[in-house]
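*Asks:* need coordinates for the following:
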Amino acid sequence: MRSRAAAFPLLAVLSWGVMFPILASALTRVDPLNLTTTRYLLATLVLIALLLLREGVTSLRSGGRAVEVAVLGVVGFAGFNLLTNLALEHAAPQQISLFVATTPLVTQLVRWARDGVRPRPALLALSLVALLGVGLVITRGSLGGLDQFGAGGLMMIGAVVGWAIYTHGASRFGQWSPLRYTTLTALAGTLAMLAASAGADLAGVQHTPAAADLVAVAPQLAYAVIVAAVIAVLAWNTGVQRLGSANAALFMNLVPVTTFAVQIARGYRPGLVELVGAALTIVALVAANLVNRSRLGAHRLSPAPHQVAVTDPVAVVDPVAVTAR
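*Replies:* Residues are numbered from 1 along each chain as shown. Below is the predicted model:
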């Protein structure tokens, strides 16, 4: 059962890994803030339509939690995506995607800081092993290239922290369907993006894209909206429900490996160190799933219900989830 559940986050991270080179190509025609705003404006419209069809107009109400929804939407939804697209102007897609692999570590640290839930030693160790493998893939065994990340690296650190906070915040909305939670936070985040883009346009920091520019990047937008912001996250949120946030987040280590594979398809030839890193990442993910499965088996055999550890609450790691319970 859990093996089938693992297919959902796997589909999601593979889709997101492909997304980075696609977004980087679109940035040659559209500024990062405007590109992000356009992408999520379209995605939010889709989410609202799905929510209305599935749960009705009353689901658009915040239930007295408008401030909390707005903060989570701005920090996670807007923060992660705006900072990521800005970072893509300063570093290559495969370098930026390396930071996404830190999501398992940051998510566990956020849970530790807020809830006092100490990370499982085995899962934390395997996260580090997987991250080491990703580092080998991206750096080809030389850490000297990491010094050149500069502003792009700082932006991605902020992006991943915001993403982890958003992920953890979903656990406080257990009475809401994931579709409702994500739609309302998506709406708040999109409004923040619109304000940021309008301000940047007025200040001359960027320029409003012409119709010809949007047409030129239409294929990239179609993938980013339909595949990466709807289908992939539908799969991701389903996987998070079944595996828990900490376990599902381990799959994020495959994002940079996928981005690297895209570069290979475009003509890049990897070295031995890079291939070893990719294998190390996959082995660590498989081991993490086996560790988690053995722990669950031990819990089922426990005669005392109070001895069973609390599992991860339902959470959403990407800010555009479209599944419903």
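*Asks:* where are the low-confidence patches of the stretch 51-200 of the chain?
*Replies:* 143-150 (pLDDT under 70).
*Asks:* could you tell me the phi and psi values at residue 118?
*Replies:* phi -70, psi 130 (degrees, to the nearest 10).
*Asks:* I figured it hits residue 112, correct?
*Replies:* Yes - Residue 118 is in contact with residue 112 according to CB atoms under 8 Å; the separation is 5.9 Å. In short, each C-beta sits where N, CA and C put it, glycine included.
*Asks:* what about these two, which has more around it?
*Replies:* Counted by other CB atoms under 10 Å, residue 118 and residue 112 do not tie: residue 112 has more neighbours, with 13 against 10.
*Asks:* pull out the buried positions in the helix or strand in which that one is found.
*Replies:* Using DSSP states H and E, residue 112 falls within helix 103-115. For helix 103-115, a neighbour-count test (16 or more other CB atoms under 10 Å) marks 103-108, 110-111 as buried.
*Asks:* any idea which of those residues is closest to residue 285?
*Replies:* Set against residue 285, the nearest of the buried residues of helix 103-115 by CB to CB is residue 104 (9.9 Å).
*Asks:* next up, the contacts around the closest one.
*Replies:* Residue 104 makes contact with 123, 127, 130-131, 246, 249-250, 252-253, according to CB atoms under 8 Å, 6 or more residues apart in numbering.
*Asks:* please report how far it lies from residue 235.
*Replies:* For residue 104, the distance to residue 235 (CB to CB, to the nearest Å) stands at 18 Å.
*Asks:* if we can go back for a sec, max pairwise distance over the contacts of residue 104: which two?
*Replies:* Using CB to CB, the contacts of residue 104 span at most 14.5 Å, a distance reached by 131 and 246.
*Asks:* coming back round to it: from the contacts of residue 104, which land in helices?
*Replies:* Here DSSP state H is the test, and those give 123, 127, 130-131, 246, 249 as lying in helices.
*Asks:* closest to residue 214 out of those residues?
*Replies:* residue 249 (33.5 Å).
*Asks:* go ahead and confirm that closest one touches residue 167.
*Replies:* Yes - taking CB under 8 Å as the definition, residue 249 is a contact partner of residue 167 at 7.4 Å.
*Asks:* how far is stretch 62-73 from where the chain is centred?
*Replies:* When distances are taken as CA atoms, centre = their mean, to the nearest Å, stretch 62-73 is centred 20 Å away from the chain's centroid.
*Asks:* for stretch 240-252, that is, sorry about that
*Replies:* The answer for stretch 240-252 is 11 Å, by CA atoms, centre = their mean.
*Asks:* same deal with stretch 235-245?
*Replies:* With CA atoms, centre = their mean, you get 12 Å for stretch 235-245.
*Asks:* what's the mean pLDDT across it?
*Replies:* On average, the pLDDT along stretch 235-245 is 77.
*Asks:* just the CA atoms of that stretch, as PDB, please.
*Replies:* What follows is stretch 235-245, C-alpha atoms only, in PDB (Å, rounded to 0.1, in the frame of the first residue of the first chain):
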ATOM      1  CA  ALA A 235      -0.100  13.700  -6.900                       C
ATOM      2  CA  TRP A 236       2.200  15.300  -4.200                       C
ATOM      3  CA  ASN A 237      -0.600  16.200  -1.800                       C
ATOM      4  CA  THR A 238      -2.100  12.700  -2.100                       C
ATOM      5  CA  GLY A 239       1.400  11.300  -1.300                       C
ATOM      6  CA  VAL A 240       1.800  13.600   1.700                       C
ATOM      7  CA  GLN A 241      -1.600  12.500   3.100                       C
ATOM      8  CA  ARG A 242      -0.500   8.800   2.900                       C
ATOM      9  CA  LEU A 243       3.100   9.100   3.900                       C
ATOM     10  CA  GLY A 244       3.300  12.200   6.200                       C
ATOM     11  CA  SER A 245       5.200  15.400   5.500                       C
END
